[in-house]
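my questions concern the predicted model and sequence given below.
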Amino acid sequence: MRRAARMLPHPMIICPACGKDNEDLASECKRCRAPLRQEDPADEVAMPQSLGEVCRRCEAYNEPDVTVCTNCGLPLFAPPEQPPQDKTPPEAFTPPSQVPETLSEELRALAISDEEAAEAGLTIAARGGPVEAPAFAPAGPSQAPADRPRAGESVPVAAASSAIPGRRPPPAPPRGPPPEPVLTAALPAGKACANCGALNPPAAKFCFECGTPFARKPAPAAPLRPSIEVAAELPAETFEDATTESPPVPVDEAVPAESVAEPIPEEQPPPFAAKLVLQNGGGEGTEFVLGHLENSLGGSAAHIGLGEDPFIAPHAATLAFVDERLVLRDEGSANGVYVRVRESAALERGDLFVAGERLLRYDGPLDIAGPAQGDLPLLGAPRSGQGPLHRITEVLLGAKTGRTCHRAGPTVSIGRTGCDLNFTGDSLLGAKHAEIRIAADGQATLVDLGQAPSGVFLRVRPQRPVDLQSGDVVRVGEQQLRVEVG
């Protein structure tokens, strides 16, 4: 019994419009979408009276219930005409239409002509008149299948409305004189959107279809005014153009760089020939020609390069031709530059000189005070005579102080043996190699006694050039160079 109860068919409901069987719980037909149940009039949704208005001046769309154009301010409706007392308010019906491309076409598509409204049993209201939605009366439940439209046939509006159950057929058109037709002004030609091609009102600022803004018209340019005004009363003067006298330069002809660039002044040759000849070391006999007015002496980058000697600065000295003379200038290097003493040379406090392999410094006169009266004298060598003592100091490697010698004069001898300052281990020194002679006025003079071929070299004072002659010997570091002129 239970299986038989399950196999009983479900209750069905037949569509009164097309006769299709539908389930009992269905609210509309599966085939024609006709309502299958009686609808409550309270649930019906009132159709809107208007979809909006298009301004007849700028064709801008306005929302329903708007009486003044939101774009240009033009009143959208003319004063409404009072309908006759014996006339019933006309009813309007908006048939479905295809979706237009623009809003203007959509509003035009919603309007129908008077002939179409008469055939459908509708009446078009005058502009500004009230519009009411049509009411439909329910049709009878029985409709012959022969009265149903076949596939491909069109259904009249009145028939379609009467075929739907629960709808009242449209009432007959009211009697009386027909309403005056609404006169609409001709719409101006629209402008096409550059993006989608849709037509828009001429005053539209953006496309109503895709929203692309229209380009603004450029503002008219202000007329150019000359920044300089020439007075009309000034007399006209003529000027000669000096550039017209020179012939034009052809474009294809290349201009040499020498004619455009400023000429570099050529260096003048030395007034006389001079050179330096190396006297010691592995490169003995090497010649260095003085080919410039100023010749640098020093490291490998100098004109006279002696880069193998570690005691030579990059630019130790300069040999220059000045007024038909050859002078030597010390550039202030640490080890300096020396010139061999011909016979004698004046000494000043702090002068350095080389004797043999010894570097000595003349410190000048020093005052040594005697013991005070009444004090016990200290034991020491007796000093002959009265007056200042002259000091000579030996300079060691690293500018350290070696032996010192204090003598009152008139001479201070330097040598290997029997002198005031003896260096017995120096093979380049003679027995009595050099003397420092003190004059009565205190002026000191360095004298080469000529007992050894190494001679005596006096350092050139910084920034105090000395004249050189042919045969002079210049010492830089451990290198000795002989000067040859002519």
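Looks like it arrived, so ask away.

point out where this protein drops to low pLDDT.
Confidence mapping of the chain against pLDDT under 70 gives the ranges 1-10, 39-50, 78-114, 116-189, 217-265, 369-372, 382-386.

what ranges do the helices span in it?
2-6, 103-110, 114-120, 157-163, 257-260 (DSSP state H).

ok, now which ones touch the residue lying closest to Ser333 once chain neighbours are set aside?
The shortest distance from Ser333 to any residue other than its chain neighbours is 3.7 Å, reached at Ala313 (CB to CB, 6 or more residues apart in numbering). Every C-beta, even on glycine, is put in place using the N, C-alpha and C of the backbone. Contacts for Ala313 (CB atoms under 8 Å, 6 or more residues apart in numbering) come out as 298-299, 331, 333-335.

are any of the residues you listed buried, and which?
298-299, 331, 333, 335 (16 or more other CB atoms under 10 Å).

domain-wise, how is this protein divided?
Here the domain assignment for the chain is 43-134+170-179+187-208, 274-367+387-485, based on automatic domain parsing.

what's the most buried one of those?
When these are scored by mean count of other CB atoms under 10 Å, the highest mean neighbour count falls to domain 274-367+387-485 (a mean of 16).

for that domain, measure first residue to last.
Terminal residues of domain 274-367+387-485 lie 4 Å apart, using CA to CA, to the nearest Å.

swap in stretch 409-421?
Using CA to CA, the span of stretch 409-421 from its first residue to its last is 13 Å.

measure Ile14 to Ser27 for me?
Per CB to CB, to the nearest Å, Ile14 is found 14 Å from Ser27.

neighbour count: these two, which is higher?
Shown here are Ile14 and Ser27; by other CB atoms under 10 Å, Ile14 has more neighbours (13 against 10).

quick check: bridge partners of the nearest residue to Leu359 once chain neighbours are set aside?
Excluding its sequence neighbours, the residue lying closest to Leu359 (CB to CB, 6+ apart) is Val395, at 4.6 Å. Beta-bridge partners for Val395, by DSSP bridges, are Thr401.

and Val395, how far is that from Asn280?
22 Å.

same deal with Ser333?
Ser333 is 20 Å from Asn280, by CB to CB.

likewise Pro269?
Taking CB to CB, one finds Pro269 at 30 Å from Asn280.

also Leu421?
25 Å.

same question for Gly374.
With CB to CB as the criterion, Gly374 and Asn280 are 60 Å apart.

do the same with Pro270
26 Å.

Pro365 now?
Pro365 is 36 Å from Asn280, by CB to CB.

who's in contact with the closest residue to Gly305 other than its chain neighbours?
What sits nearest to Gly305 in space, not counting adjacent residues and going by CB to CB, 6+ apart, is Gly299, at 6.1 Å. Residues near Gly299 by CB under 8 Å, 6+ apart: 305-307, 312-315.

is it possible to get TSV of the residues you listed that adds distance to Ser427?
As requested, the contacts of Gly299 are exported to TSV (distance: CB to CB, whole Å):
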residue	distance to Ser427
Gly305	30
Leu306	25
Gly307	28
Ile312	24
Ala313	28
Pro314	32
His315	33
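
tell me which of those residues fall in strands.
305, 315 (DSSP state E).

for the contacts of Gly299, which one is nearest Asp351?
Ala313 (19.8 Å; CB to CB).

can I get stretch 358-373 in CSV, CA atoms only?
C-alpha atoms of stretch 358-373 as CSV (Å, rounded to 0.1, in the frame of the first residue of the first chain):
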residue,chain,number,x,y,z
ARG,A,358,130.1,64.4,6.4
LEU,A,359,127.1,66.8,6.4
LEU,A,360,127.9,69.8,8.7
ARG,A,361,125.9,72.8,9.9
TYR,A,362,127.2,76.2,10.8
ASP,A,363,125.2,77.4,13.9
GLY,A,364,127.0,80.8,14.1
PRO,A,365,128.4,82.6,17.2
LEU,A,366,127.1,81.6,20.7
ASP,A,367,127.6,83.6,23.9
ILE,A,368,128.9,81.4,26.8
ALA,A,369,128.6,83.1,30.2
GLY,A,370,131.5,82.6,32.6
PRO,A,371,131.1,81.5,36.2
ALA,A,372,129.6,83.9,38.7
GLN,A,373,131.8,85.6,41.2
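
contacting residues around that stretch?
Around stretch 358-373, the neighbours that count as contacts under CB under 8 Å, 6+ apart are 347-354, 377-378, 383, 388-395, 406, 414, 421, 423, 426, 429, 436, 442, 444, 446.

what's the answer for stretch 62-73, then?
48-55, 57-58, 60, 74-77, 203.

report the contact partners of Arg482.
With CB under 8 Å, 6+ apart, Arg482 has these contacts: 276-277, 279, 471-474.

cutoff 7 Å now
Contacts here follow CB atoms under 7 Å, 6 or more residues apart in numbering; on that basis Arg482 touches 276-277, 279, 471, 473.
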